[in-house]
Structure formats: C-alpha cells, structure tokens
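Engineer: give me the fold of what follows.
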Amino acid sequence: MSQLPASISRLRERYQNLSPSQRRNGWITLAALIALTLLLSRCGGNGDDNAAVEPRAVRLHQVGSNDADAARHFVGRVDAVNTVDLSFQVGGRIIDMPVQQGSFVTKGTLIAALDPSDYQLAVREAELQLEQAARDLERTRTLLERGTLSQSNFDQAETAHNLRKVALDTARRNLAYTRIVAPFDALVTRRLVDPFTNVPAGAHIVRVQNVEEFRVHINVPENLMAALESPQLLVAEAIFSNNPEQPLPLEYREHETEPDAVAQTYRVTFGLARQADKTILPGMTVTVRVRSVINRPDTIYEIPQSALDSDAEGNFRVWVYQPEKSAVIARPVKVLGVTEQGDAMVAGLAGNEQIVSAGVQLLHDDMPVTPFDGF
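Structural biologist: Numbers count the residues shown, from 1 in each chain. All right, here's what the predicted structure looks like:
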C-alpha cells in the first residue's frame, strides 16, 4: 500500500506532459491504469492481514424455560356429562312431581310418580293367583304320589305355578315403574309435562343433566396439539368471572383427533368437580388457563423463525452460542409447529442457552462471533 501514492504520481506526471488533444483521447486510459494500479496494490498486500478472522457480529435470543410452557388462556364452555329425558315405562296419571326446574337432586331422589292404584291391585291379584297355583300344585303332587294322577297333569300344575310367579314379578315391577327417581346426581333443567297429566309409557316427563361432575370444553389450535402427546400431564384451571381470584382445578378427560372443518381446531375436554355452592351451571362461559407440561422429557420452547437453519439434508437446526469460546455450534431441533404470534415451537434446546436469531445461513461450526445488541 506504501507504493500506491508513487505510482499515482508517476501517472499524473505522464498525463501532464501530454498535449491537450492527447489528454482528451487518453483520459479513459488513465482512469483504467489508476484502477489497475489500485487492484494490483491490494492484491499484493501483506499476507498476515488475511490470516486474522474478524468475529461476526450476531444477534442472540435467550431461550426461556417459560416460553412454550407458559400459561395459555382459552375460552371454554361448561357442560353436563350427559343430558337425559326421563320417562315412565308404564302409562298412567301423574300425581306427584316434587322437583322444581333448576334444582339439584341427588341420586335416588323422587322425580315423578303415577297413580299406583291399578298397579297395586294388579300385584294383589297376582299374589292371590300365585297362592291358588301353589295349592293346586300341592294337591297334584299328593295325587301323583298316590298314583291317581298322571305325570303330565302334575307337570301342567307345576308350569301354571311358575307362570303365576312370573306374573307376580311383572306386576311388582310395573308397580315400581310408577316412580321415576334420579339415576345420578342431577340438575333438573325442564319439566316436559304437567302434573295430573295422563301419559303413555315411554313419554318424556323430565329433562335432567348429569352433574356428578361438569365437563369443560375448549378448542385448541392445531399448532398446539403437539403438547397433548401426554395430555394427562397438562395442568389446567377454570377461572369464572364471578370469582377470578379462586381458579378451580380441572382434570383432563379426552380430546378429539378430528379437527373442526372450519376453524381447524381440536376439542379438548376437562372434568370439573361440582362445587358445594352450586353457582356453576351447564352453558356458562369460563376462561381456561392451561399451564406447563410437568416432567416432559423434551421441553418445548418458542424461538423466532429467523433462528431456524437447515443442514444439507434439510433437517432443522439452530446455532447455539458458546460464551466460553465466543463461537457458535449447530444444534439439531425438532419443529413442532408455529404459534399464533409466528414463533416456531421447537424441542431440543435447554432453557439457559442463547441462540443466533438472524443471519444463520452464514454461520458454520466453531465460527467466531461477537454478540450484537444494537438497534
């Protein structure tokens, strides 16, 4: 580089010795000679200057343990385990409906009752007929033992006695069918008929909902379903607007594997224990907070998509900063999806690491870098 000014000076002297016409015709040649001189002088510099590698300035992203495991909030809906329309298995006139709409009843509570008079008479008649059949059977047995009655006549009497027993069982069962009791802890949602109405067998009388526990449904985007590989490890809470300071624990029940055709979301169902104050009802809206996955072997983290690179085989990787060496090294990662904010959900990193978040295509293993915090 020290020879460059002298070369340019000699060119300048030669240019000044030219005539005006020669100057006009030779200015392009002069410019070319100057450029060539500059190029040759740069190529002929000291080789030691090329040996030193300047560290590349890179922007780093801190991988946080609370990224993908942080709490997420979903709008949920409270529902009953199931809804049932109760009915009588026999017909008659309703004489009692003690439950009110909107009331909670425990298993075995009387819901409605028919007039039992006719069925009580049928039971008494069947009892008398059975008593008569028993006496007839005893007489035929005595005659059979004396040899004055054939075996076939005895068999007929025995069959008649058995039929009377069946008839009595049927009459007693029909009498029991005149009462409807709650098959489980239930919420009476609607009366479908009025008291003192004559109803046929099978007519729907009262609609109840199974509230031994509640169900809470949320719709989860497809890019978050990867967190349900072990759904029993999810920690979820229900937050109701009337008492937001006291979230209620939820327990995973099931999730659908077929997405909604329009929203492309998956329905996830949790169980919610029935509360003593009975302020929770089916149909209510609730905020569901889903928190970290406990003891997950591959913790999921959210990182900028710009931090993702790929190797020659197309596998995803990131560049991890090694502060003790001031260099980077490639780390394979598994991409599980993309968040609503556009970040990549990946597994394969530790929560205390830093990764390069931009310009990753220019990096290689053990490349010297320096953190850049500007802009």
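Engineer: which helix or strand in the protein has the lowest average pLDDT?
Structural biologist: Sorted by mean pLDDT, DSSP states H and E, the helices and strands of the chain end with helix 48-51, the least confident at a mean of 45.
Engineer: from the chain's centroid, how far away is whatever helix or strand Ser152 lives in?
Structural biologist: Take DSSP states H and E as the rule and Ser152 turns out to sit in helix 151-176. Here the centre of helix 151-176 is set off from its chain's centre by 57 Å, with C-alpha atoms, centre = their mean, to the nearest Å.
Engineer: please parse this structure into its domains.
Structural biologist: 4-48, 57-68+299-371, 72-81+211-293, 86-209 (automatic domain parsing).
Engineer: packing partners of the helix holding Ser152?
Structural biologist: Here helix 151-176 touches helix 117-146, going by 3 or more C-beta pairs under 8 Å, 6 or more residues apart in numbering; DSSP states H and E. Glycine gets a C-beta too; all of them are placed from N, C-alpha and C.
Engineer: the helix or strand that comes right after the least confident helix or strand of the chain pairs with which strands, and in what direction?
Structural biologist: Scanning forward in sequence from helix 48-51 by DSSP H and E, the next helix or strand is strand 56-58. Strands that pair with strand 56-58, judged by DSSP bridges, come out as strand 367-371 (parallel).
Engineer: now stretch 180-188: how far from the chain's centre is it?
Structural biologist: With C-alpha atoms, centre = their mean, you get 30 Å for stretch 180-188.
Engineer: buried set for that stretch?
Structural biologist: For stretch 180-188, the neighbour count (16 or more other C-beta atoms under 10 Å) marks Ile180, Ala182, Phe184, Asp185, Ala186, Leu187, Val188 as buried.
Engineer: grab the nearest non-local neighbour of the fourth one.
Structural biologist: The shortest distance from Asp185 to any residue that is not its chain neighbour, by C-beta to C-beta, 6 or more residues apart in numbering, is 4.7 Å, and that residue is Glu212.
Engineer: which residues does that neighbour contact?
Structural biologist: Neighbouring residues of Glu212 by C-beta atoms under 8 Å, 6 or more residues apart in numbering: Val81, Phe184, Asp185, Arg274.
Engineer: name the nearest of the residues you listed relative to His204.
Structural biologist: The closest of the contacts of Glu212 to His204 turns out to be Phe184 (C-beta to C-beta; 17.4 Å).
Engineer: from Leu86, how far out is that closest one?
Structural biologist: 11 Å (C-beta to C-beta, to the nearest Å).
Engineer: likewise for Arg124?
Structural biologist: Distance from Arg124 to Leu86, counting by C-beta to C-beta: 28 Å.
Engineer: cool, Arg274 as well?
Structural biologist: Separation of Arg274 from Leu86 (C-beta to C-beta): 20 Å.
Engineer: of all the contacts of Glu212, which two lie farthest apart?
Structural biologist: Farthest apart among the contacts of Glu212 by C-beta to C-beta are Phe184 and Arg274. That separation is 11.3 Å.
Engineer: I'd like the next helix or strand past the host helix or strand of Ile180.
Structural biologist: Applying DSSP H and E as the criterion places Ile180 in strand 179-181. Next in sequence after strand 179-181, counting helices and strands by DSSP H and E, comes strand 186-191.
Engineer: measure how far that following strand is from the centre of its chain, please.
Structural biologist: 30 Å.
Engineer: do the same with stretch 315-330
Structural biologist: The chain centre lies 34 Å from the centre of stretch 315-330; the measure is C-alpha atoms, centre = their mean.
Engineer: cool, stretch 92-105 as well?
Structural biologist: That offset, for stretch 92-105, works out to 38 Å (C-alpha atoms, centre = their mean).
Engineer: quick one on the thing from earlier: run through who's touching the strand holding Ile180.
Structural biologist: Leu86, Ser87, Phe88, Gly108, Thr109, Leu110, Ile111, Ala112, Ala113, Leu114, Ile205, Val206.
Engineer: mind listing what the fifth one touches?
Structural biologist: Taking C-beta under 8 Å, 6+ apart as the contact definition, Thr109 lies against Val99, Val181, Ala182.
Engineer: ok so, going back, pLDDT on the helix holding Ser152, on average?
Structural biologist: Averaged across helix 151-176, pLDDT comes to 96.
Engineer: give the buried residues for it.
Structural biologist: Within helix 151-176, judged by 16+ other C-beta under 10 Å, the buried ones are Phe154, Ala157, Ala160, His161, Arg164, Ala167, Leu168, Ala171, Arg172, Asn174, Leu175.
Engineer: that one versus helix 117-146: what angle between them?
Structural biologist: Helix 151-176 and helix 117-146 are oriented at 160 degrees to each other (axes from the mean of the first three to the mean of the last three C-alpha atoms, to 10 degrees).
Engineer: use 66 as the first number for this chain going forward.
Structural biologist: Okay, residue one is now 66; in that scheme the one you just asked about reads as helix 216-241.
Engineer: which SS class is the residue positioned nearest the centre of the chain?
Structural biologist: When the chain is reduced to its mean C-alpha position, the nearest residue by C-alpha atoms, centre = their mean turns out to be Val333, at 4.0 Å. Secondary structure for Val333, judged by DSSP: H, G, I helix; E, B strand; the rest coil, is strand.
Engineer: wait, isn't it in contact with His320?
Structural biologist: Yes. Under the contact definition of C-beta atoms under 8 Å, Val333 touches His320, with a separation of 4.3 Å.
Engineer: closest one of the buried residues of helix 216-241 to Val421?
Structural biologist: The nearest member of the buried residues of helix 216-241 to Val421, counting by C-beta to C-beta, is Asn239 at 80.2 Å.
Engineer: what's the distance between that closest one and Val271?
Structural biologist: 20 Å.
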